[in-house]
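Engineer: just the structure for this:
(chains A and B)
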Amino acid sequence: MRKYWQIFKISWQNTLIYRFNFFMWQVRTVLSFLTIYFFWFAVFTQYNQIGTYTRTTMFAYLLVAAFLRNLVLWSDSYHACVEIANGDLNNYLLKPLSYFGNWLARDWADKILNLLFFVPELALLIIIFRIPLVFPTSLWVWAWFIVLAILGSLLYFLFSFLVSSFSFWYPEHDGWPLRFFMLMFLDFLSGAAFPLDIFPQPVTTLFKFLPTSYFIYFPTQVYLGRLSFSDQLSGLVIMLFWLLVFFYLVKIVWHKGLQIYGAYGR
Amino acid sequence: MALISVSHLKKYYRVYKKEPGLSGSLKSLFHRKYEDVKAVNNVSFDIKEGELVGFIGPNGAGKTTTLKVLSGLLYPTSGKVSVLGFIPFDRQPQFQKQFSLVMGQKNQLWWDLPALDSFLLNKEIYEIPTQQFNQTLAELVKMLDLGEVLKVQVRKLSLGQRMKCELVAALLHLPKVLFLDEPTIGLDVVMQQKIRDFIKGYNQKYKATIILTSHYMDDVKELCSRVIIIDKGKIFFDGKLDAIIKKYADHKILELVFSGPVTKSDFSVIPAAKIKDFDLPRVTFSVPRDSANEVAAKLLTKFPVADLNITEPSIEDIIRVVFTGRDMS
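Structural biologist: Take a look at the predicted model:
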């Protein structure tokens, strides 16, 4: 366990070296939140309600979604596809170290560091724009939300690794084609930009069965108390199902991938 | 019992071939011709504990591929490989804690941090006890003369300093088996010598088993008593360095300095003496091994000779000739 703690610490050191780079990332996260905020701000000057969302609930949704976007979808592990393609994976395969454990440690280091800065930034924005805040009704909901956020992060981690494995077979472009494709759709499919239940019923139902809804949309709904007990339960079952599916898929794909791995770079 | 044992190892890569030009690129978008590259083709050898073996061959011969299979990075197409009693590809931690692979053109150090941070990370990864770590580090730093360099960002180091740090990172857990893939590449002569001395020292001090690949014959000549020569995925020599000379050098080199005027055609009276280099007053001949003495005697009696020197061809020459498949003389 200590080796992964050391990796956690060295990741922080590594990120903090480049102050300018770090600063620009923070600007980016704030800007991307503001883009979404102003879009919905404009919409609610015309309408009083979108779907079942009033102005207050919509902004509450967007705030929680922004938080989760910076927790769940904030991930350093996409570098895995580059490491496979250029052969840097060698360094890890030679050592008594789990490659997944390594990235999990670096991922969480990155997530926590990011949140340490993003939460105060978000607080500042809340004060400046006087965005109404909504808090869960009980401690149970808080705890439940945190568990789901962690599970969501794990789901995204596995999902991301599966996409990275693409590089074993197509190392030509550092694995970016598929990743780019994925990132384009993710903001949309995860519910980061808007709640997924503003669509007609059949579409909402479809989303319920997709793994991507569980990154942001599902935990946010739980936080806001918008789901019935049975909906929460079925959601959890589907989420756990996807976690298992991705876990085994990653396992199989990596087993196959390592057999054809070229260990390039020379 | 051999520490490293390789038997009938094969590793084929699938690569696709593209015809040159844009039309070739467009064609390859829809249809790709794949071909098997036989990087390692039926290679067998055994290495005993404490041996320092040189692995030589031209670019693309299969040296690095073999080392990667021995390290568990590549899955062999067929054949059996065993290192320290483990199958490398299983990548068991017990195995990984006992070996290291160093590549002259790749680095494991964290680029943006001082080397010491990477060392501390390796300490945890290899679960090295603090006391042993401090002791080993102090020793390696002294052997390689590193000192203050450890606290400087790796990206700011010179190639030589970085290579030394790479070696330290790879040796902190005191591996019993060490694979060195061109550790001296791109280094200046002084630094090459330092690295060489260090490798020799490590081999003797820790009884480590080492395989070394290099393009520099000096590395091999100085360090390895045994060499394995590999070309196009096959071994065609495995033995003592001196034995290569006996096996492939069927001629000797006669170097003469003349004290009087001679012309090229004068030497046609001794057909066994082939002129290699004609740069008066110095002329170099290549002569079949058995008749070397006889030819030397003839030259001495028939021409005005100031100096005569009989030598073996250099290993570089032999290897070059062996690889290009040309006739020795």
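
Engineer: what's around the closest residue to chain B within chain A, how many residues?
Structural biologist: Nearest residue of chain A to chain B (Cβ to the nearest Cβ) works out as residue A:96 at 3.6 Å. Every C-beta, even on glycine, is put in place using the N, C-alpha and C of the backbone. Neighbourhood size, residue A:96 [other Cβ atoms under 10 Å in any protein chain shown]: 17.

Engineer: likewise for residue A:88?
Structural biologist: Per other Cβ under 10 Å, the neighbour tally for residue A:88 reads 17.

Engineer: looks like it contacts residue A:80 (just checking).
Structural biologist: No: here residue A:88 does not reach residue A:80: they are 9.6 Å apart, not a contact under Cβ atoms under 8 Å.

Engineer: what sits up against the helix or strand containing residue B:134?
Structural biologist: For residue B:134, the element it lies in under DSSP states H and E is helix B:130-144. Outside helix B:130-144, the residues that touch it by Cβ atoms under 8 Å, 6 or more residues apart in numbering or on different chains are B:119, B:123, B:128, B:146-147, B:150, B:164, B:167-168, B:171-172, B:174, B:194, B:198, B:201-202.

Engineer: who's in contact with residue B:280?
Structural biologist: B:258, B:262.

Engineer: could you rerun that using 7 Å?
Structural biologist: residue B:258 (Cβ atoms under 7 Å, 6 or more residues apart in numbering or on different chains).

Engineer: distance of it relative to residue B:266?
Structural biologist: Distance of residue B:280 to residue B:266, computed by Cβ to Cβ, to the nearest Å: 12 Å.

Engineer: before we move on, back to that, in the helix or strand that the helix holding residue B:134 is followed by, what counts as buried?
Structural biologist: Stepping forward along the backbone from helix B:130-144, the first helix or strand reached (DSSP H and E) is helix B:159-171. Buried residues in helix B:159-171, counting neighbours by 16 or more other Cβ atoms under 10 Å in any protein chain shown, are found at B:160, B:161, B:162, B:163, B:164, B:165, B:166, B:167, B:168, B:169, B:170, B:171.

Engineer: can you tell me which of these lies nearest to residue B:50?
Structural biologist: Nearest to residue B:50 among the buried residues of helix B:159-171 is residue B:171, at 16.2 Å by Cβ to Cβ.

Engineer: so residue A:59 makes contact with residue A:132?
Structural biologist: Yes: taking Cβ atoms under 7 Å as the definition, residue A:59 is a contact partner of residue A:132 at 6.0 Å.

Engineer: which of the helices and strands in chain A ranks last by mean pLDDT?
Structural biologist: helix A:176-190 (a mean of 80; mean pLDDT, DSSP states H and E).

Engineer: buried set for that helix?
Structural biologist: Neighbour-count burial for helix A:176-190 [16+ other Cβ under 10 Å]: A:176, A:178, A:179, A:182, A:186, A:187, A:189, A:190.

Engineer: now the second one, nearest residue through space, not along the chain?
Structural biologist: Distances taken as Cβ to Cβ, 6 or more residues apart in numbering or on different chains place residue A:166 nearest to residue A:178, at 4.8 Å, with adjacent residues excluded.

Engineer: just confirm that neighbour is within a strand.
Structural biologist: No: using DSSP: H, G, I helix; E, B strand; the rest coil, the assignment for residue A:166 is helix, not a strand.

Engineer: follow-up on the earlier one: show me what the least confident helix or strand of chain A is packed up against.
Structural biologist: Other helices and strands packing on helix A:176-190, by 3 or more Cβ pairs under 7 Å, 6 or more residues apart in numbering or on different chains; DSSP states H and E, are helix A:139-169.

Engineer: show me what the helix it packs on is packed against.
Structural biologist: Packed against helix A:139-169 by the contact rule (3+ Cβ pairs under 7 Å, 6+ apart) you find helix A:55-71, helix A:79-86, helix A:176-190, helix A:217-224, helix A:229-260.

Engineer: ok so, going back, which of the buried residues of helix A:176-190 sits closest to residue A:150?
Structural biologist: Closest approach between the buried residues of helix A:176-190 and residue A:150, by Cβ to Cβ: residue A:190, at 15.9 Å.

Engineer: and that closest one, what is it in contact with?
Structural biologist: A:73, A:212, A:213, A:215, A:216, A:217.

Engineer: burial count for residue A:34?
Structural biologist: Residue A:34: 14 neighbours (other Cβ under 10 Å).

Engineer: with adjacent residues omitted, what lies nearest to it?
Structural biologist: residue A:125 (7.4 Å).

Engineer: what do you get for residue B:318?
Structural biologist: Nearest to residue B:318 is residue B:248, by Cβ to Cβ, 6+ apart, at 5.0 Å.

Engineer: cool, and residue B:160?
Structural biologist: Using Cβ to Cβ, 6+ apart, the closest residue to residue B:160 is residue B:191 (4.2 Å).

Engineer: related to what we said a few turns ago, what is the neighbour count of the residue nearest to residue A:34?
Structural biologist: Neighbour number of residue A:125 under other Cβ under 10 Å is 16.

Engineer: got the confidence number for it?
Structural biologist: Each residue has a pLDDT score; the one for residue A:125 is 91.

Engineer: am I right that it is in a strand?
Structural biologist: No: counting by three-state DSSP, residue A:125 falls outside a strand, being helix.

Engineer: how close does it get to residue B:215?
Structural biologist: When residue A:125 is compared with residue B:215 (using Cβ to Cβ), they lie 59 Å apart.

Engineer: enumerate the residues of chain B near chain A.
Structural biologist: B:13, B:64, B:68, B:71-75, B:91, B:93, B:96-97, B:101, B:103, B:105-106, B:108, B:110, B:112-113, B:117, B:120-121, B:124-126 (Cβ under 7 Å from any Cβ of the partner chain).

Engineer: among the residues you listed, which are in strands?
Structural biologist: In this view, the residues of chain B next to chain A that belong to strands under DSSP state E are B:13, B:101, B:103.

Engineer: next, format the residues you listed as TSV and append neighbour count and pLDDT.
Structural biologist: Converted to TSV, these look like this (neighbours: other Cβ atoms under 10 Å in any protein chain shown; pLDDT from 0 to 100):
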residue	neighbour count	pLDDT
B:13	16	83
B:101	25	94
B:103	25	87
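
Engineer: just those now: which is nearest chain A?
Structural biologist: The closest of these, once distances to chain A are taken by Cβ to the nearest Cβ, is residue B:101, at 5.6 Å.

Engineer: that closest one contacts residue B:179, correct?
Structural biologist: Yes: contact criterion Cβ under 7 Å: residue B:101 and residue B:179 qualify, at 4.5 Å.

Engineer: any common contacting residues for these two?
Structural biologist: Common neighbours of residue B:101 and residue B:179 (Cβ under 7 Å, 6+ apart) are B:67, B:71.

Engineer: where does chain B get nearest to chain A, residue-wise?
Structural biologist: Taking Cβ to the nearest Cβ as the measure, chain B has residue B:93 as its residue closest to chain A, at 3.6 Å.

Engineer: thought that residue was touching residue A:96?
Structural biologist: Yes: between residue B:93 and residue A:96 there is a contact under Cβ under 7 Å: 3.6 Å.

Engineer: local confidence estimate at residue 236?
Structural biologist: Picking chain A for this. 96.

Engineer: switch to chain B, please.
Structural biologist: 82.

Engineer: same check on residue B:122?
Structural biologist: pLDDT, read off for residue B:122, is 95.

Engineer: for it, what are its contacts?
Structural biologist: By Cβ under 7 Å, 6+ apart, the contact list for residue B:122 reads B:169, B:172.

Engineer: from residue A:6, how far off is it?
Structural biologist: 9 Å.

Engineer: check residue A:25 too.
Structural biologist: As judged by Cβ to Cβ, residue A:25 and residue A:6 stand 24 Å apart.

Engineer: how about residue A:244?
Structural biologist: As defined by Cβ to Cβ, residue A:244 lies at a distance of 30 Å from residue A:6.

Engineer: same check, this time on residue A:76
Structural biologist: Taking Cβ to Cβ, one finds residue A:76 at 16 Å from residue A:6.
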